[in-house]
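S.K.: Sequence and predicted structure are below.
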Amino acid sequence: EMQRSLVGSEMCIRDRVRIGRVNLGNPSELRRVTKLSVNLQLQTEALTKKDLRTWRNAWQYAKNVEYPNRIPLYDVYGDVEVDMHLTGCVGQRSGYVLNKSFRIVNREGVENPELTAIFEAPWFKTFMELALDSHYWGHSLIQLGDVINVDGKLAFSEVQLVPRRHVIPEYGVIVIRQQEAWQNGYDYRNSEMADWVVEVGDTHNLGLYLKCAQHTIPKKNVCAFWDMFSEIFGIPLRVGKTTSRDPKEQDRIEKMLGSMGAAGWALFPEGTEIEIIESTRGDAYNVFDKRIDRANSELSKGILTETMTTENGSSLSQSEVHLEVLKNLVSKDADKLRDVINFQLIPKMIKHGFPLNGYCFDWYEGIDFTPEQQIAYEKLLLDRFEIDPKYFIDKYNVPIIGKRESTPIQVPGNGEEEEKDGKQGKGKQKLSFFD
């Protein structure tokens with residue numbers, strides 16, 4: 001239902017919408033929604049045991065067209081995210097993008113250092129990290145904080161992730177309570193709230209963690225089974241035998257066996273036999289370790305599209321090919337992040353007073369030299385060209401005041417002695433090296 005209301009004497013009439021129980025025509029409710037200070041009733045994530053059936057059912061709930069519910073799937077993702085190998089792969093992929101140099105340029109491609117300095121701030125680093133997380137979770141709704149002034153430069157006070165369990169991206173709403181119907185949510189796309197949030201990711205994308213879950217869950221179970229195997233067959237079993245039927249005597253023996261260490265123990269009547277039979281069809285080490293290696297290999301392929309940058313490679317040439325594949329993937333992620341910044345973040349920053357009209361975000365694609373290469377490169381330039389001293393002043397922060405004058409090098413010595421030795425040497429015959 002569309003409503004029109006006049007908010008303040010100096011404000012023009014704007015279109016207001018009523019979403020669920022929220023009337024955006026009410027100034028108090030509008031202010032509450034605009035600042036995203038909605039009292040979301042957060043709930044503690046349940047760390048329950050996850051299996052492939054849980055993963056498949058959660059996937060089905062998330063794909064529901066009328067009432068999509070991603071909460072069970074996010075519970076699975078929380079279990080997926082703690083995998084150490086997966087953490088390394090995600091950190092490697094995101095780290096390459098976050099370590100790239102950037103700049104703010106005008107339409108001609110000329111950098112403005114003062115505007116670039118605005119983005120060299122903690123809030124922007126957090127924004128990029130949250131935006132890159134959308135590749136794995138499927139969607140990220142990023143909230144921008146208040147505009148503040150830091151050392152004469154505008155900045156956002158903070159950048160936060162709106163809790164994913166309260167966001168329904170399929171319909172573009174935020175709900176107060178988990179599991180609440182989307183009809184009762186706050187529309188963050190078509191309201192005043194839109195100027196303070198940045199939406200990253202497709203509305204129906206469930207992220208790469210959906211594919212990773214089918215490998216991290218069996219891997220976790222295999223590790224647990226391996227621990228159980230080590231406990232049974234790696235530690236000797238203590239067996240106590242007694243002919244006594246007195247319960248007090250049996251309790252005393254049980255306490256003795258239990259206090260002898262962490263190994264398993266058992267108390268049997270005389271004549272009882274116990275036998276632990278180990279499978280002879282395969283080596284236990286290869287059974288468990290190979291399954292874990294296979295899971296790690298699949299995770300590397302899913303996140304990095306290659307394996308040799310995280311695992312041992314068979315040859316240098318193959319590892320270089322895999323590294324080139326990873327660089328192409330990083331370039332793709334960087335290109336998507338640049339589009340988010342230019343088409344979503346910067347327009348919102350301009351609305352909030354940042355002097356970015358006519359400027360855009362771009363990655364610096366220059367060559368990064370090692371210290372040795374940099375020295376050789378600068379020496380080559382100095383030998384062949386006249387270089388402006390300002391280059392070295394700006395780069396190394398060295399106060400160069402002028403060119404140093406070269407003076408002839410004098411060898412210390414007594415001139416009279418040299419002259420005397422020279423006269424004496426005239427009468428002598430010069431000897432050959434072989435004499």
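M.R.: Done, it's in.

S.K.: what about P247, how many residues close to it?
M.R.: 8 (other Cβ atoms under 10 Å). C-beta coordinates here come from the backbone N, C-alpha and C atoms, glycine included.

S.K.: That one and K255: what is the separation?
M.R.: From P247 across to K255, the span is 13 Å (Cβ to Cβ, to the nearest Å).

S.K.: Which secondary structure element of this structure has the lowest mean pLDDT?
M.R.: The least trusted helix or strand in the chain, going by mean pLDDT, DSSP states H and E, turns out to be strand 2-5, with a mean of 32.

S.K.: Give me the nearest residue to N57, chain neighbours excluded.
M.R.: P72 (6.9 Å; Cβ to Cβ, 6 or more residues apart in numbering).

S.K.: Enumerate the positions of the helix or strand where that neighbour lies that are buried.
M.R.: Per DSSP states H and E, P72 falls inside helix 71-80. Within helix 71-80, the residues scored as buried using 16 or more other Cβ atoms under 10 Å are I71, P72, L73, Y74, D75, V76, Y77, D79, V80.

S.K.: Kindly report the same for stretch 194-210.
M.R.: Neighbour counts over stretch 194-210 (16+ other Cβ under 10 Å) mark W196, V197, V198, E199, V200, G201, L206, G207, L208, Y209, L210 as buried.

S.K.: So which of those sit within strands?
M.R.: Members of the buried residues of stretch 194-210 lying in strands (criterion: DSSP state E): V197, V198, E199, V200.

S.K.: Closest to G109 out of the buried residues of stretch 194-210?
M.R.: Distance to G109 across the buried residues of stretch 194-210 (Cβ to Cβ) is lowest for V198, with 24.9 Å.

S.K.: wait, isn't the closest one in contact with I346?
M.R.: No: V198 is not in contact with I346 according to Cβ atoms under 8 Å; the separation is 10.3 Å.

S.K.: Just give me the neighbour total for the residue lying closest to L208 once chain neighbours are set aside.
M.R.: The shortest distance from L208 to any non-neighbouring residue, by Cβ to Cβ, 6+ apart, is to Y136 (4.9 Å). Neighbours of Y136 under the rule other Cβ under 10 Å: 22.

S.K.: remind me which residues of this structure are low pLDDT?
M.R.: 1-48, 232, 234-244, 253, 256-282, 308-319, 368, 406-435 (pLDDT under 70).

S.K.: all helices for it, in order.
M.R.: Per DSSP state H, the chain carries helices over the ranges 27-34, 52-62, 71-80, 84-98, 113-119, 122-137, 209-229, 247-258, 284-304, 316-340, 346-351, 371-384, 389-396, 415-426.

S.K.: What is the longest one packed up against?
M.R.: So the one you mean is helix 316-340. helix 84-98, helix 122-137, strand 360-363 (3 or more Cβ pairs under 8 Å, 6 or more residues apart in numbering; DSSP states H and E).

S.K.: one more time with 10 Å, if that's ok
M.R.: Packing contacts for helix 316-340, counted by 3 or more Cβ pairs under 10 Å, 6 or more residues apart in numbering; DSSP states H and E, involve helix 84-98, strand 102-105, helix 122-137, strand 197-200, helix 284-304, strand 360-363.

S.K.: now these as TSV including distance to K395?
M.R.: As requested, those are exported to TSV (distance: least, Cβ to Cβ, whole Å):
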stretch	distance to K395
helix 84-98	23
strand 102-105	16
helix 122-137	24
strand 197-200	34
helix 284-304	34
strand 360-363	20
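
S.K.: re the thing from before, what's the overlap in contacts for V198 and I346?
M.R.: Common neighbours of V198 and I346, using Cβ atoms under 10 Å, 6 or more residues apart in numbering, are V340.

S.K.: check contacts around L210.
M.R.: The contact partners of L210, by Cβ under 10 Å, 6+ apart, come to W55, A58, W59, A62, L73, V76, Y77, V80, Y136, W137, G138, G302.

S.K.: at 7 Å what do you get?
M.R.: Applying Cβ atoms under 7 Å, 6 or more residues apart in numbering to L210 gives the contacts W59.

S.K.: Please apply the same query to the one 4 residues further on.
M.R.: Counting by Cβ under 7 Å, 6+ apart, Q214 touches L52, W55.

S.K.: circling back to that earlier point, figure out which of the helices and strands packed on helix 316-340 is closest to P218.
M.R.: So among these, helix 284-304 is nearest, using Cβ to Cβ, at 6.5 Å.

S.K.: In that closest one, which residues are buried?
M.R.: Buried residues in helix 284-304 (16+ other Cβ under 10 Å): F288, R291, I292, A295, N296, E298, L299, S300, G302, I303, L304.

S.K.: could you give the angle of it to helix 84-98?
M.R.: Using axes from the mean of the first three to the mean of the last three Cα atoms, to 10 degrees, the inter-axis angle of helix 284-304 relative to helix 84-98 is 20 degrees.

S.K.: beta partners of A155?
M.R.: I148 (DSSP bridges).

S.K.: correct me, but it touches P122?
M.R.: No: using Cβ atoms under 7 Å, A155 is not in contact with P122; the gap is 8.7 Å.

S.K.: Of the two, which one has the most company?
M.R.: A direct count of neighbours by other Cβ under 10 Å for A155 and P122 places A155 higher, at 19 against 12.

S.K.: Name the pair among the ones in strands among the buried residues of stretch 194-210 with the greatest separation in space.
M.R.: V197 and V200 (10.1 Å).
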